[in-house]
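S.K.: Pasting a predicted model and its sequence here:
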Amino acid sequence: MDLLLLSNSRTHGYGYLEHVRDEVTEFLAGATELVFVPYALRDHDAYTATVADALRPLGVAVTGVHTAADPVAAVTAAEAVFVGGGNSFRLLKTLQDTGVRDPIAGRVRSGALRYMGASAGTNMACPTLRTTNDMPITEPDSFTALGLVPFQINPHYVDPDPSSTHMGETREQRITEFLEQNDVPVLGIREGGLLRVRDGSARLGGVKGARLFARGAQPREFAPGDDLSFLLSGTPRFDVPA
């Protein structure tokens with residue numbers, strides 16, 4: 001499999017995907033066309049135009065899957081797909097309703113399709129959308145996502161602020177609650193961070209690190225460049241390595 005999983009597509013002070021230009025360029029090397037999945041936002045045309053503008057300097061032509069008469073045929077013929085961010089519940093429901101969820105997953109697993117996701121699109125690479133930050137504005141048929149990696153990701157991970165007077169749950173507390181009900185690791189990737197999965201390896205990239213949570217283990221910090229390939233083993237319980 002060949003995956004580029006971004007915590008975020010926009011960073012303060014940069015244009016769309018500009019903060020990960022080098023990583024996107026490397027990921028799309030040799031590709032001339034990309035199918036974009038804009039289902040996480042309501043305005044599919046405007047969203048696709050934003051992505052097309054960002055990737056045009058790389059020589060990559062972008063087609064919105066929503067414009068295809070047969071979306072399944074479009075993803076089946078694609079060499080690369082980008083699933084954009086927005087609302088994860090709306091995204092998953094539309095992937096299910098259009099019938100493209102399983103074809104995307106199957107082709108990515110077989111190595112025939114390169115997969116790039118950002119935010120909600122990164123959530124879709126996980127077994128389920130249960131570690132999304134989004135409101136359930138619509139109801140998918142199930143929470144089952146693409147399952148390209150055997151662990152969960154929490155994009156836009158935010159560290160607790162010890163000076164905050166806010167009394168609501170921190171992101172860490174919410175992930176801890178998730179682990180009380182679900183025995184699967186959760187990788188909280190901070191904004192500016194990404195995960196590159198290729199040829200059976202996984203490496204943290206970008207400019208920000210990540211925090212790994214697992215049931216029965218203390219949270220661990222990982223920095224850009226760290227090897228996280230052990231997460232691909234699919235083992236639901238493990239001792240987080242030092």
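M.R.: Right, received. Where do you want to start?
S.K.: Near residue 9, how many residues? Count them for me, please.
M.R.: Residues near residue 9, counting by other C-beta atoms under 10 Å, number 27. The C-beta positions use only the backbone N, C-alpha and C, and glycine is treated the same way.
S.K.: ugh, wrong one, I meant residue 3
M.R.: Residue 3: 21 surrounding residues under other C-beta under 10 Å.
S.K.: give the contact list for the nearest residue to it once chain neighbours are set aside.
M.R.: Nearest residue to residue 3, sequence neighbours excluded (C-beta to C-beta, 6 or more residues apart in numbering): residue 197, at 4.0 Å. Residues in contact with residue 197 (C-beta atoms under 8 Å, 6 or more residues apart in numbering) are 1, 2, 3, 5, 148, 149, 232.
S.K.: Let's see if you can find the most crowded of those residues.
M.R.: Neighbours here mean other C-beta under 10 Å. Within the contacts of residue 197, the largest count is held by residue 5, at 29 neighbours.
S.K.: Restrict stretch 23-33 to CA atoms and write it as CSV.
M.R.: What follows is stretch 23-33, C-alpha atoms only, in CSV (Å, rounded to 0.1, in the frame of the first residue of the first chain):
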residue,chain,number,x,y,z
GLU,A,23,5.6,15.3,0.7
VAL,A,24,2.7,15.6,-1.8
THR,A,25,5.2,16.0,-4.6
GLU,A,26,7.1,12.9,-3.6
PHE,A,27,3.8,10.9,-3.1
LEU,A,28,2.5,11.9,-6.5
ALA,A,29,5.7,11.4,-8.4
GLY,A,30,5.0,10.0,-11.9
ALA,A,31,1.2,10.6,-11.6
THR,A,32,-0.5,12.9,-14.1
GLU,A,33,-4.0,12.5,-12.9
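S.K.: any chance of the contacts of residue 197 in a markdown table, plus distance to residue 218?
M.R.: Below are those laid out as a markdown table (distance: C-beta to C-beta, whole Å):
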| residue | distance to residue 218 |
| --- | --- |
| 1 | 29 |
| 2 | 32 |
| 3 | 27 |
| 5 | 24 |
| 148 | 27 |
| 149 | 22 |
| 232 | 21 |
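S.K.: Let me know the secondary structure of the residue nearest to residue 3.
M.R.: strand (DSSP: H, G, I helix; E, B strand; the rest coil).
S.K.: Just the closest of the contacts of residue 197 to residue 25, please.
M.R.: For those, the closest approach to residue 25 (C-beta to C-beta) belongs to residue 2, at 14.3 Å.
S.K.: in the sheet, who's paired with that closest one?
M.R.: Beta-bridge pairing for residue 2 (DSSP bridges): residue 198.
S.K.: Name the nearest residue to residue 50, ignoring sequence neighbours.
M.R.: residue 16 is the one closest to residue 50 (C-beta to C-beta, 6+ apart), at 5.5 Å.
S.K.: Isn't the one you found up against residue 53?
M.R.: Yes - using C-beta atoms under 8 Å, residue 16 is in contact with residue 53, at 7.5 Å.
S.K.: just to revisit the earlier point, OK, contacts around the residue nearest to residue 50?
M.R.: If you count contacts by C-beta under 8 Å, 6+ apart, residue 16 has them with 9, 10, 50, 51, 53, 54.
S.K.: The residue nearest to residue 3 and residue 86, how far apart?
M.R.: Using C-beta to C-beta, to the nearest Å, residue 197 is found at 22 Å from residue 86.
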